[in-house]
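Undergrad: output the structure for:
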Amino acid sequence: MDKKTMLIDKLIDVYQGEKDQIRVFASPGRVNLIGEHTDYNGGYVLPAALDMNSYVAVRPRNDRIIRMMATDLGYIVEVSLDDLEPAKKLKWGNYQAGVAHELMQHGYKLTGCDMICHDEVPLGSGLSSSAAIEVVTALALLGAADTKFGTCTDIDMVEIALIGQKSENNFVGVSCGIMDQFSSAMGKKDKVIFLDCKDLSYELIPLKMAGHKLVITNTNKKRSLGAVKYNERRSQCDLALAILKKDLPNINFLGEVSLEDFEKYGKNITDPILYKRARHVITEDYRVLLSVEALRKDDLTGFGELMNQSHDSLRDDYEVTGDELDALYEIALTIPGVLGSRMTGAGFGGCTVSLVKEDKIEDFTKVIKEQYKARIGYDCTVYTATIGDGGREL
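TA: Now for the predicted structure:
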């Protein structure tokens with residue numbers, strides 16, 4: 001049975017009624033190839049949408065009530081569009097309620113709906129399950145409210161990404177940047193997104209792998225973007241920026257500081273922690289630009305080396321890796337056929353992404369599973385990444 005039919009049948013089973021007006025939407029998680037913790041600093045990122053999705057089957061209601069259920073939870077959550085504030089305290093459903101709130105703040109007219117939610121993106125993995133949920137929820141709510149909403153090309157998908165980000169910032173309370181939601185909304189099959197987070201200008205770059213594959217390895221250590229450490233890093237970057245602005249008054253983001261200017265004025269950041277945070281952002285931004293050049297030239301070896309440099313910086317300067325991610329990275333670099341590896345996502349758990357020769361993936365999987373368990377004490381999960389499309393209706 002295909003996913004669409006399964007979700008339609010599930011909606012009828014849970015809420016009863018007819019199949020008329022049921023629609024099914026999907027939006028993917030993402031893997032960021034390089035450019036970590038640069039998005040909220042106005043820098044460059046290089047993500048791609050994954051072929052693993054968050055799905056919503058939706059049917060309209062006209063009483064301004066949203067009923068929703070996740071296929072893996074088995075209970076219905078009900079919220080009112082006229083009083084969404086209590087939904088902030090929900091253990092599950094707060095992200096969906098936040099999207100509804102932000103859509104109405106942007107002037108969209110919502111009517112209520114019944115929803116069935118089904119997630120393939122591992123929660124807490126660093127593959128942006130929250131962004132996938134936000135984008136697909138926005139599409140589903142709009143699809144339920146407007147029967148004339150024909151396809152995702154009828155709306156501004158960049159605005160949908162921004163609504164997802166603002167809902168997470170304002171309703172859930174996580175100071176995330178725009179990269180995750182932008183990737184989930186705007187991704188295209190077999191392409192990476194070269195995104196400038198200062199102004200959301202972007203370019204889709206074909207990913208020519210030439211006998212190589214991207215392999216994602218999940219530490220299986222759960223982590224929350226709501227953790228104090230994530231917002232702490234953002235605050236530290238803001239403090240470093242304020243110091244640099246004394247010499248560079250026209251900058252608004254660390255992503256606008258060149259390597260040359262940082263070498264000249266960075267010494268004025270006397271707090272060693274703040275200095276390291278700024279150094280990571282500014283050097284990581286430069287690595288993204290070099291990575292784009294490498295991919296344009298089909299220089300996968302050069303790109304792999306930049307991935308390694310990125311992980312080193314995230315470990316030493318930004319300090320967001322930890323034992324599990326470092327173990328996966330260090331083991332990967334000992335395996336023949338690996339051109340590069342790095343943590344992907346916010347860190348503190350989650351996943352690494354590695355560039356591996358296709359004929360070495362079986363060996364890679366065997367070795368990294370065995371050595372990770374021996375070192376950490378529990379299993380990691382390995383899967384080959386397929387680059388898919390962004391938010392859409394099935």
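
Undergrad: CA only for contacts and neighbour counts going forward, please
TA: OK.

Undergrad: so for the helix or strand containing Leu290, mean pLDDT?
TA: Applying DSSP states H and E as the criterion places Leu290 in helix 272-296. Across helix 272-296, pLDDT averages out at 97.

Undergrad: and if you look at stretch 366-385?
TA: 96.

Undergrad: what residues of it count as buried?
TA: Going by neighbour count (16 or more other C-alpha atoms under 10 Å), the buried part of stretch 366-385 is 368-369, 371-372, 379-380, 382, 384-385.

Undergrad: which two among the residues you listed are spaced furthest apart?
TA: Gln371 and Ala385 (21.3 Å; C-alpha to C-alpha).

Undergrad: circling back: so which of the buried residues of stretch 366-385 sit within helices?
TA: Among the buried residues of stretch 366-385, the ones falling in helices (DSSP state H) are 368-369, 371-372.

Undergrad: show me which of these is closest to Leu244.
TA: Tyr372 (41.0 Å).

Undergrad: what sits against Ile116?
TA: Ile116 is in contact with 7, 10-11, 56-58, 68-71, counting by C-alpha atoms under 8 Å, 6 or more residues apart in numbering.

Undergrad: tell me the mean pLDDT for the helix or strand containing it?
TA: Per DSSP H and E: Ile116 is located in strand 113-119. For strand 113-119, the mean per-residue pLDDT is 97.

Undergrad: looking at the contacts of Ile116, which are in strands?
TA: Taking DSSP state E as the definition of strands, the contacts of Ile116 contribute 56-58, 68-70.

Undergrad: ok, and the most crowded of the residues you listed?
TA: Using other C-alpha atoms under 10 Å as the neighbour criterion, Val56 leads those with 32 neighbours.

Undergrad: distance of the closest residue to that one other than its chain neighbours relative to Val338?
TA: With sequence-adjacent residues excluded and distances taken as C-alpha to C-alpha, 6 or more residues apart in numbering, Val56 is closest to Cys117, at 4.6 Å. For Cys117, the distance to Val338 (C-alpha to C-alpha, to the nearest Å) stands at 37 Å.

Undergrad: also Met104?
TA: For Met104 relative to Val338 (C-alpha to C-alpha), the value is 47 Å.

Undergrad: what about those two, which has more around it?
TA: Val338 (23 against 12).

Undergrad: what about the closest residue to that one other than its chain neighbours, neighbour count?
TA: Residue nearest to Val338 in three dimensions, not counting chain neighbours: Val356, with 4.5 Å by C-alpha to C-alpha, 6+ apart. Using other C-alpha under 10 Å, Val356 has 25 other residues around it.

Undergrad: show me which residues of the helix or strand containing Val356 are buried.
TA: Val356 is located in strand 351-357, with elements delineated by DSSP H and E. Neighbour-count burial for strand 351-357 flags 351-357 (criterion: 16+ other C-alpha under 10 Å).

Undergrad: and for stretch 191-211?
TA: For stretch 191-211, by 16+ other C-alpha under 10 Å, it's 191-198, 204-205, 207-209.

Undergrad: gap between it and the chain center?
TA: 15 Å (C-alpha atoms, centre = their mean, to the nearest Å).

Undergrad: what's next to that stretch, contact-wise?
TA: 39-49, 178-179, 183, 187-188, 190, 253, 255, 292, 295-296, 298, 300, 357-359, 387.

Undergrad: one more: stretch 373-389?
TA: Here stretch 373-389 has contacts from 27-28, 48-52, 186-191, 213-220, 323-324, 327, 365, 369, 372, using C-alpha under 8 Å, 6+ apart.

Undergrad: any stretches of the stretch 101-250 of the chain with poor pLDDT?
TA: Across the stretch 101-250 of the chain, the ranges flagged by pLDDT under 70 are 125, 147-154, 222-227.

Undergrad: the buried residues of stretch 191-211: which two are farthest apart?
TA: Lys198 and Met209 (28.7 Å).

Undergrad: please enumerate the helices of the stretch 101-250 of the chain.
TA: Secondary structure of the stretch 101-250 of the chain (DSSP state H, counting those that start in this stretch): helices located at 129-145, 157-167, 179-186, 228-244.

Undergrad: turn the ones you listed into TSV, including mean neighbour count and distance to Arg287.
TA: Shown next, in TSV, are the helices of the stretch 101-250 of the chain (neighbours: other C-alpha atoms under 10 Å; distance: least, C-alpha to C-alpha, whole Å):
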stretch	mean neighbour count	distance to Arg287
helix 129-145	27	25
helix 157-167	23	25
helix 179-186	32	17
helix 228-244	18	18
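
Undergrad: output these in CSV; the columns should cover distance to Leu110.
TA: Output for these, formatted as CSV (distance: least, C-alpha to C-alpha, whole Å):
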stretch, distance to Leu110
helix 129-145, 5
helix 157-167, 14
helix 179-186, 20
helix 228-244, 32
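
Undergrad: which one of those helices lies closest to Trp92?
TA: Across the helices of the stretch 101-250 of the chain, closest to Trp92 is helix 129-145 (C-alpha to C-alpha), at 11.5 Å.

Undergrad: and the closest one, what does it pack onto?
TA: The contact analysis (3 or more C-alpha pairs under 8 Å, 6 or more residues apart in numbering; DSSP states H and E) places helix 129-145 against strand 23-32, strand 47-60, helix 94-105, strand 113-119, helix 157-167, helix 179-186.

Undergrad: tell me the strands beside the fourth one, with direction?
TA: Using DSSP bridges, the strands paired with strand 113-119 are strand 47-60 (antiparallel), strand 65-70 (parallel).
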